[in-house]
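Chemist: Provided below for reference: sequence and predicted model.
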Amino acid sequence: MTAALTIAFVPGVSPAKWARVWRERFPEVELRLRPVGADEVDDALAGEADMVFARVPVSDAHHAIPLWTETAVVAMPKDSPLADLDEIDLAEADVHVVDAGPVPADVDAALDLVEANVGVAVLPQSLFRAASRKNLVARTLVGSPGTHIVLAWRDEDTSDSTEEFIGVVRGRTANSSRGQDQSGGADPDDGTAPRPPRGGKATAGNTKSAAKKAATKGTSGKTGAGKAGRGRVQRGMKGKPKRGSKGNR
C-alpha cells in the first residue's frame with residue numbers, strides 16, 4: 001500500500017472512528033485528515049485528497065459509494081411553541097422559514113436568524129449538532145428524504161489503500177477478505193441504518209431507487225444513497241485496483 005492516505009470530509013461528518021480503526025490496523029500507512037467546505041469537494045480531490053466524505057450531489061467525474069442518509073431537522077428557539085412537538089410538518093406550521101434547506105448555504109448565518117427569533121431553518125441533524133447552539137433545539141422534519149453522504153474518489157486515485165479504507169468504512173474486519181463487508185459506515189446521528197448491499201456494481205439509477213425506497217420506509221439512518229441525478233456510483237473498484245496514489249507523490 002501507499003505510504004500515506006489523505007481523507008477529506010465536509011462539515012457535519014466526523015471520520016474519527018474510522019481513523020482509529022485505520023491506525024490500529026495499518027500503522028505503517030499514515031492517515032491524514034483534511035476538513036473541507038461543502039463546495040470544495042472537487043478542489044480537494046484535484047489536490048491532495050485521495051478520498052472525500054461528501055454530501056450528494058457530487059461530480060459525475062468521481063466514483064462514490066453510498067454510506068448513510070442524514071435526518072433532516074427543523075431548528076428553532078427553545079421557547080418556540082413548536083419545541084413541544086416531536087416532529088414538525090412545515091406545511092401545517094404557522095411559522096416563517098428563514099432557510100428551507102436541505103443544507104443552508106451558510107449554516108451559521110441561518111442559525112443566527114433562528115436565534116434572533118426571525119423564524120426556523122431546515123438542515124441535516126449532524127450540522128445542527130456540530131453548530132452547538134445552546135439556545136436552539138431541533139425537531140425531525142416530516143416527509144423529508146434527508147441528505148445523503150457518500151465516500152468519493154477519482155479513478156486515477158484508486159489504490160490498495162483506498163480499497164482498504166472502503167473496507168474499514170463498511171465495517172470489514174481485519175480477518176475478512178474484500179467483498180465480505182459487515183456493514184456500512186455508521187451514521188453519527190443515530191446508527192440505525194441498514195447494511196448496504198454487498199459486492200457488485202451499482203449505477204446511479206439503482207442507487208437512487210434504493211435511497212427512494214429507504215426514504216419511503218421512513219429510514220433515517222444510512223441507506224444506499226448514491227449520487228443524485230445522473231451521477232455514477234459503484235460499490236467496488238473498476239477492475240484490479242491501481243497502485244499508487246497522492247500519498248506517495
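Modeler: Yes, it's here.
Chemist: quick check: domain ranges of the chain?
Modeler: 4-69+147-248, 72-141 (automatic domain parsing).
Chemist: if I average pLDDT within each of those, which one is lowest?
Modeler: The minimum mean pLDDT among the domains of the chain belongs to domain 4-69+147-248 (a mean of 71).
Chemist: does anything pack onto the helix or strand where P66 lies? Which helices or strands?
Modeler: Assigned by DSSP states H and E, P66 belongs to strand 63-70. Helices and strands touching strand 63-70, by 3 or more C-beta pairs under 8 Å, 6 or more residues apart in numbering; DSSP states H and E, are strand 51-55, strand 147-153, helix 160-170, helix 204-216. Where C-beta positions appear, they are placed from N, C-alpha and C, glycine not excepted.
Chemist: that one pairs with which strands?
Modeler: strand 147-153 (antiparallel) (DSSP bridges).
Chemist: between the strand it pairs with and strand 51-55, how many degrees?
Modeler: 160 degrees (axes from the mean of the first three to the mean of the last three C-alpha atoms, to 10 degrees).
Chemist: now do the buried residues in strand 147-153.
Modeler: Neighbour-count burial for strand 147-153 flags 147-153 (criterion: 16 or more other C-beta atoms under 10 Å).
Chemist: equivalent analysis for stretch 89-106, please.
Modeler: 90, 93, 98-99, 101-104.
Chemist: contacts for that stretch next, please.
Modeler: With contacts defined as C-beta atoms under 8 Å, 6 or more residues apart in numbering, stretch 89-106 is touched by 38, 55, 72, 74, 76, 80, 82, 110, 113-114, 118-124, 127, 141-144, 146-147.
Chemist: count of neighbours near T69?
Modeler: Close neighbours of T69, defined as other C-beta atoms under 10 Å, add up to 26.
Chemist: that one and H148 touch, don't they?
Modeler: Yes: with contact defined as C-beta atoms under 8 Å, T69 reaches H148; the gap is 5.4 Å.
Chemist: can I get stretch 63-77 in CSV, CA atoms only?
Modeler: Written as CSV, here are the backbone C-alpha positions of stretch 63-77 (Å, rounded to 0.1, in the frame of the first residue of the first chain):
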residue,chain,number,x,y,z
HIS,A,63,-16.6,7.4,-8.2
ALA,A,64,-18.6,7.2,-5.0
ILE,A,65,-20.1,4.6,-2.6
PRO,A,66,-23.3,5.4,-0.7
LEU,A,67,-23.0,5.4,3.1
TRP,A,68,-25.9,6.8,5.0
THR,A,69,-28.8,9.3,5.0
GLU,A,70,-28.8,12.2,7.4
THR,A,71,-32.0,13.1,9.2
ALA,A,72,-33.5,16.5,8.3
VAL,A,73,-34.4,18.6,11.3
VAL,A,74,-36.1,22.0,11.9
ALA,A,75,-34.0,24.3,14.1
MET,A,76,-36.0,26.7,16.4
PRO,A,77,-35.6,28.6,19.7
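Chemist: in PyMOL, select just the buried ones from the contacts of stretch 89-106.
Modeler: Here is the PyMOL command that picks out the buried ones among the contacts of stretch 89-106, judged by 16+ other C-beta under 10 Å:
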select buried, resi 55+72+74+76+80+82+110+113+114+119+120+121+122+123+124+127+141+144+146+147
